[in-house]
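Undergrad: Sequence first, predicted coordinates after that:
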Amino acid sequence: MHVLVPIDDSDPAMKAVEHAAETYADGTVTLLHVINPRTGMYGDEALYAYEAILESQQEAAADLFERASELAAAHDCDVHTESIIGFPAREIVSTAAEEDADHIVIGSHGRTGPSRVLLGSVAEQVVRRAPCPVTVVR
């Protein structure tokens with residue numbers, strides 16, 4: 001079984017890692033971090049800002065993978081890591097399809113009411129568009 005676990009630096013994401021490690025320790029668990037650098041600048045400033053943001057987020061992703069891998073190792077689960085650039089929900093669904101994932105385990109940020117409607121929820125978009133079953137961990 002191949003399980004895809006999208007992660008960011010949130011507590012729900014780390015709980016999703018633990019859930020996947022406990023439940024699918026005998027399978028293949030892939031931790032996926034989507035880097036989504038956004039800037040509000042234009043021209044040369046935008047290019048410089050994009051590169052600086054991208055570099056910073058890639059460094060943060062390495063730390064994030066280290067922390068998540070340690071959580072998984074505590075449950076005797078080996079993980080693979082993958083970092084890509086793009087819009088999170090779209091990239092998660094696309095990666096699950098391309099890698100023929102059997103299951104996605106994703107953390108929920110627990111937004112409710114107007115903030116969920118205005119901001120949207122990556123987990124909700126993934127649930128609606130995923131090519132495989134999805135478990136949302138709170």
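TA: Here it is on my side, so go on.
Undergrad: ok, the helix or strand hosting residue 105: who's next to it in the sheet?
TA: Following DSSP states H and E, one finds residue 105 within strand 103-107. Looking at strand 103-107 with DSSP bridges, its partner strands are strand 2-6 (parallel), strand 134-137 (parallel).
Undergrad: can you give me the helices in this structure?
TA: Taking DSSP state H, the helices of the chain run over residues 11-23, 43-73, 88-98, 113-119, 122-129.
Undergrad: Out of these, name the one with the poorest average pLDDT.
TA: Among these, helix 113-119 carries the lowest mean pLDDT, at a mean of 50.
Undergrad: Can you give me every residue that contacts the nearest residue to residue 102 once chain neighbours are set aside?
TA: Counting by CB to CB, 6 or more residues apart in numbering, residue 102 lies nearest to residue 1, which is 4.7 Å off, once chain neighbours are set aside. (Each C-beta comes from the backbone N, C-alpha and C, glycine too.) The contact partners of residue 1, taken as CB atoms under 8 Å, 6 or more residues apart in numbering, are 24, 26, 27, 28, 102, 103.
Undergrad: my guess is the fourth one contacts residue 4, does it?
TA: No. With contact defined as CB atoms under 8 Å, residue 28 does not reach residue 4; the gap is 9.4 Å.
Undergrad: just to revisit the earlier point, so the strand holding residue 105 versus helix 11-23, what angle?
TA: 140 degrees (axes from the mean of the first three to the mean of the last three CA atoms, to 10 degrees).
Undergrad: ok, residues contacting strand 103-107?
TA: Applying CB under 8 Å, 6+ apart, the external contacts of strand 103-107 come out as 1-8, 10-16, 19-20, 23-24, 92, 96, 122-123, 126, 130, 132-138.
Undergrad: Buried among those? Need that as a selection in ChimeraX.
TA: To isolate the buried ones among the contacts of strand 103-107 in ChimeraX, judged by 16 or more other CB atoms under 10 Å, type:
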select :2,3,4,5,6,7,8,12,13,14,15,16,19,20,23,24,92,96,122,123,126,130,134,136,137
